[in-house]
Structure formats: structure tokens, C-alpha cells
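In: Have a look; sequence and predicted model below, questions after that.
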Amino acid sequence: MLKLRVGGPRVLGGARRSFALVASQYNPEYVQALVDHTAVELMRVLPSARLVLHQVPGAFEIPLVVQELAAKKENELDVIIALGVILQGETDHADLLARTVTDALQQIALSQRLPIIHQVLTCKDEEQARMRCIDTKFNRGIEAARAAISMSHLLSQLRE
């Protein structure tokens, strides 16, 4: 029987990994915290990793930059991590935006055969955003880094 490992990833050796972070500039306090937590966790687990940050105006622009990065094979990216925060308002705009971004990121991942870690969060309010972006108990930046590391390792094994 296989046992799932609980907790954070262990420090991995071997090949150098390359990650691109594509982050929205909208709701900067929360997105910057996601970027910071993601980068710190990636470097903690993979100290020799290469990280590149690309900033876009808002969540809607994330998929276009992700697609451009994924299509450029010379980038030799292992994983792209999409980071953003969409706060619910009084209209359906946040839900429409979140669905559009989600669908686009999934399509890019499948068509380009490249892991795209989706942490473009839709939060009810700033308290929920703070819990997921700034606090460490449910931090989605840390989770994004761990998912990225796991996917880069798994796909590397599958493609050998």
C-alpha cells in the first residue's frame, strides 16, 4: 500500500528547476504576500531554483502572459504559478472573472503540457484574503510553491 506524505515537501536534489510567477498588481497587499510566501517556500525547498516574476495589471491579464511564457520553449520552465486576488463585490463580475481565468489557465496547461499552478483567489472580503495571503495557517502562496515543486518533480519523472 502506498502512503501519502503529509506536510511540506522535502528538500530535493538533482536538476535545477525553473519557475515563473505571474502576479496581478491589483489588490497589491495580498498579491505581494502571495508572491513573497511562494518565493520563500520555493527557495527553502529548492535553493538552486530559478525564479522569474512577471507582473500584470489584473487577474484578467494573467492567462495571456502565462500563455506567452508556456509557448516559449527556450524558457525551459518547469512550472508557471499564477497569483492574484479577486475580491467579491456586489455584482457577478468577480465570479465571471474567476471562471474566465480558471478556464484559460487549465486550457493553457493542457495544450502546452506544462503545469500551471492556479492561485488566483476569489475571496469574499479582505479578512478572507488576509487569512489566505498574509497569515501562514492557510497560506495559498506556500501551497502554490509546494504544488509547483511536486508537479515539477512528478513530470520530470514521467518524462524520463
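Out: Sure thing, it's come through. Residues are numbered from 1 along each chain as shown.
In: what stretches of this protein score poorly on pLDDT?
Out: Judged against pLDDT under 70, the low-scoring parts of the chain cover residues 1-15.
In: middle-most residue in it, spatially?
Out: Geometric centre of the chain, nearest residue: residue 81, 2.7 Å, by C-alpha atoms, centre = their mean.
In: Grab the CA positions of stretch 140-148 and hand them over as CSV.
Out: Once non-C-alpha atoms are left out, stretch 140-148 reads as follows in CSV (Å, rounded to 0.1, in the frame of the first residue of the first chain):
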residue,chain,number,x,y,z
ARG,A,140,-2.0,29.9,-0.5
GLY,A,141,1.4,31.1,-1.6
ILE,A,142,3.1,28.3,0.4
GLU,A,143,0.6,25.9,-1.1
ALA,A,144,1.4,27.1,-4.6
ALA,A,145,5.1,26.6,-4.1
ARG,A,146,4.6,23.1,-2.7
ALA,A,147,2.2,22.1,-5.6
ALA,A,148,4.7,23.6,-8.1
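In: which outside residues touch it?
Out: 8-9, 19, 33-42, 45, 78-79, 81, 83, 115, 117, 119, 121, 132-133, 136 (C-beta atoms under 8 Å, 6 or more residues apart in numbering). For glycine as for every other residue, the C-beta is placed from the backbone atoms N, C-alpha and C.
In: one more time with 7 Å, if that's ok
Out: 8-9, 19, 33-38, 41-42, 79, 81, 83, 115, 117, 119, 121, 132-133 (C-beta atoms under 7 Å, 6 or more residues apart in numbering).
In: now it, how far from the centre of its chain.
Out: A distance of 7 Å separates the centroid of the chain from that of stretch 140-148, by C-alpha atoms, centre = their mean, to the nearest Å.
In: Likewise for stretch 65-72?
Out: For stretch 65-72, the distance from its own C-alpha centre to the chain's C-alpha centre is 14 Å (C-alpha atoms, centre = their mean).
In: same thing with stretch 75-86?
Out: Distance of stretch 75-86 from the chain centroid (C-alpha atoms, centre = their mean) equals 5 Å.
In: Stretch 112-131: end-to-end distance?
Out: Taking C-alpha to C-alpha, to the nearest Å, the first and last residues of stretch 112-131 lie 33 Å apart.
In: Restricted to strands, list the contacts of stretch 140-148.
Out: Helix and strand membership here follows DSSP state E; of these, those in strands are 19, 79, 81, 83, 117, 119, 121.
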